[in-house]
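Undergrad: Below are the sequence and a predicted model; questions follow.
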Amino acid sequence: MLIAQGALMELSVVIGVVALLALGVPQGSITDRVDIFALPYLNEHLYLMMAMSGVFGVLRITGAIAMARNRMWGLVLSLFNCGVTLVLMIFLLPPGLLDGILTGTALVLILSGWLQLRPIVDRAEPTEQTGRNSDPKLLVP
């Protein structure tokens with residue numbers, strides 16, 4: 001899912017900006033006709049935003065491939081990418097909505113695959129002598 005998201009949503013935007021620059025399309029001709037983002041600052045720097053998308057795409061695909069090869073750094077990079085994307089999606093409305101949905105889904109899949117059925121707190125059986133847990137760190141009523 002992360003590879004598809006990185007390739008389709010992030011890297012395709014970079015291909016678009018390369019094509020626009022190669023054709024000599026000025027940024028103003030796009031932003032004068034349509035507001036892509038809710039914040040005017042992001043619309044004013046549309047080509048830079050499109051180029052930045054490539055950085056996210058490369059990092060997202062790199063983390064996904066490393067995670068598929070069972071590398072812990074790929075897991076951490078992917079979790080970091082998901083967190084950053086979820087924070088930034090608020091500033092990138094309305095296109096950020098789809099990115100947030102895909103990233104949130106990927107985050108749930110990553111965490112459920114990594115942590116599986118582990119409980120938050122292991123509840124050990126009480127000991128016979130004290131009637132309480134033998135581990136003082138676990139608070140069992």
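TA: Everything's here; your move.

Undergrad: Does the longest helix anywhere in the chain pack against any helices or strands, and if so which?
TA: Determined from DSSP state H, the single longest helix within the chain is helix 46-68. Packing contacts for helix 46-68, counted by 3 or more C-beta pairs under 8 Å, 6 or more residues apart in numbering; DSSP states H and E, involve helix 2-5, helix 12-23, helix 27-31, helix 72-88. Any C-beta I mention is one placed from the backbone N, CA and C, and that applies to glycine too.

Undergrad: List the buried residues in it.
TA: Judged by neighbour count (16 or more other C-beta atoms under 10 Å), helix 46-68 contains these buried residues: 46-47, 49-50, 53-54, 56-57, 59-64, 66-67.

Undergrad: Closest one to residue 113 out of those residues, please.
TA: In terms of C-beta to C-beta, no member of those lies closer to residue 113 than residue 67, at 9.2 Å.

Undergrad: my guess is that closest one contacts residue 79, does it?
TA: No: in this structure, residue 67 is not within contact of residue 79 by C-beta atoms under 8 Å, at 9.5 Å.

Undergrad: SS state for residue 93?
TA: coil (DSSP: H, G, I helix; E, B strand; the rest coil).

Undergrad: Relative to residue 15, how far out is the closest residue to it other than its chain neighbours?
TA: Distance criterion C-beta to C-beta, 6 or more residues apart in numbering; nearest residue to residue 93, sequence neighbours excluded, is residue 38 at 4.4 Å. For residue 38, the distance to residue 15 equals 24 Å [C-beta to C-beta, to the nearest Å].

Undergrad: more neighbours, the two?
TA: Set side by side, residue 38 and residue 15 show more neighbours around residue 38, with 14 against 11, by other C-beta atoms under 10 Å.

Undergrad: What helix or strand is the more buried one located in?
TA: Under the criterion of DSSP states H and E, residue 38 resides outside all helices and strands.

Undergrad: ok, it - contacts?
TA: Shown in contact with residue 38 (C-beta atoms under 8 Å, 6 or more residues apart in numbering): 91, 93, 94.

Undergrad: So what's the residue count around the last one?
TA: Yep, that's residue 94 we're talking about. So residue 94, with other C-beta under 10 Å, has 10 neighbours.

Undergrad: List the residues that contact it.
TA: With C-beta under 8 Å, 6+ apart, residue 94 has these contacts: 37, 38.
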